[in-house]
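Engineer: With the input below, show me the fold.
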Amino acid sequence: MSELEIITYPNKFLLRPTTPLENIDGRVQEMIDKMAATMYEAPGVGLAAIQVRWGKSLLIYDISPPDEKRQLNVIINPRIIVREGEVLSENEGCLSVPDFRSDVKRAAKILVEGVDREGNPLRIDAEGLLAIVLQHEIDHLNGTLFIDRISTLKREMYKRRMKKKLRMK
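Structural biologist: This next block holds a predicted model:
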């Protein structure tokens, strides 16, 4: 079992923008490994550090099919440099927004820059699922949830449902 807890909406920590990660040391490597265990156990395809109560600009993802070998990817201090086109991400979900899925407008192609877990520069040209996952996780690092990108009506319906659920606990 993983050691990290994924925090969920309406936890206000999720709305905080993260701070850049300055020093990639053993503690960071250990956190990346714990995040990976948490993401795979959930199961999910991406996880931002903010989702496990760590306010640093770091995300992990693995979009390889479940029946194939895992390919964990790490991006530290990611930034979207270029956005092109528009696509509808159908039925998008989030580990921090449980029991809710919705269509979300996203850029069709993006260029992301950052560094890997060893501190080497990265440039990722992404489209399709990879572009959607990266935009979703980078949104987290900026304090934005995918429900902030859907219609006000759908967002309010979800918020009411969650408040009711929390009152019943």
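Engineer: Pick out the residue nearest the middle of this protein.
Structural biologist: Glu137 (2.7 Å; CA atoms, centre = their mean).
Engineer: quick one: contacts for that residue?
Structural biologist: If you count contacts by CB atoms under 8 Å, 6 or more residues apart in numbering, Glu137 has them with 46-48, 59, 61, 78. Where you see a C-beta, it was placed from the backbone N, CA and C, and this is true even at glycine.
Engineer: Which pair of those spans the longest distance?
Structural biologist: Leu47 and Pro78 (13.1 Å; CB to CB).
Engineer: Can you pick out the residue with more neighbours from the two?
Structural biologist: Counted by other CB atoms under 10 Å, Leu47 and Pro78 do not tie: Leu47 has more neighbours, with 25 against 21.
Engineer: Show residues contacting the helix or strand where that one lies.
Structural biologist: Per DSSP states H and E, Leu47 falls inside strand 46-48. Applying CB under 8 Å, 6+ apart, the contact partners of strand 46-48 are 6, 18, 35, 38-39, 58-63, 95, 133-134, 136-138, 140-141.
Engineer: Just the residues you listed: which are in helices?
Structural biologist: 35, 38-39, 133-134, 136-138, 140-141 (DSSP state H).
Engineer: Any chance of those residues in JSON lines with pLDDT and distance to Phe100 as columns?
Structural biologist: Output for these, formatted as JSON lines (pLDDT from 0 to 100; distance: CB to CB, whole Å):
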{"residue": "Met35", "pLDDT": "98", "distance to Phe100": "22"}
{"residue": "Thr38", "pLDDT": "97", "distance to Phe100": "20"}
{"residue": "Met39", "pLDDT": "96", "distance to Phe100": "19"}
{"residue": "Val133", "pLDDT": "98", "distance to Phe100": "17"}
{"residue": "Leu134", "pLDDT": "98", "distance to Phe100": "21"}
{"residue": "His136", "pLDDT": "98", "distance to Phe100": "14"}
{"residue": "Glu137", "pLDDT": "98", "distance to Phe100": "17"}
{"residue": "Ile138", "pLDDT": "98", "distance to Phe100": "20"}
{"residue": "His140", "pLDDT": "98", "distance to Phe100": "15"}
{"residue": "Leu141", "pLDDT": "98", "distance to Phe100": "21"}
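Engineer: Could you dump the residues you listed into JSON lines and include distance to Val115?
Structural biologist: Compiled in JSON lines, the ones in helices among the contacts of strand 46-48 are given as follows (distance: CB to CB, whole Å):
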{"residue": "Met35", "distance to Val115": "16"}
{"residue": "Thr38", "distance to Val115": "22"}
{"residue": "Met39", "distance to Val115": "20"}
{"residue": "Val133", "distance to Val115": "18"}
{"residue": "Leu134", "distance to Val115": "15"}
{"residue": "His136", "distance to Val115": "20"}
{"residue": "Glu137", "distance to Val115": "15"}
{"residue": "Ile138", "distance to Val115": "14"}
{"residue": "His140", "distance to Val115": "18"}
{"residue": "Leu141", "distance to Val115": "14"}
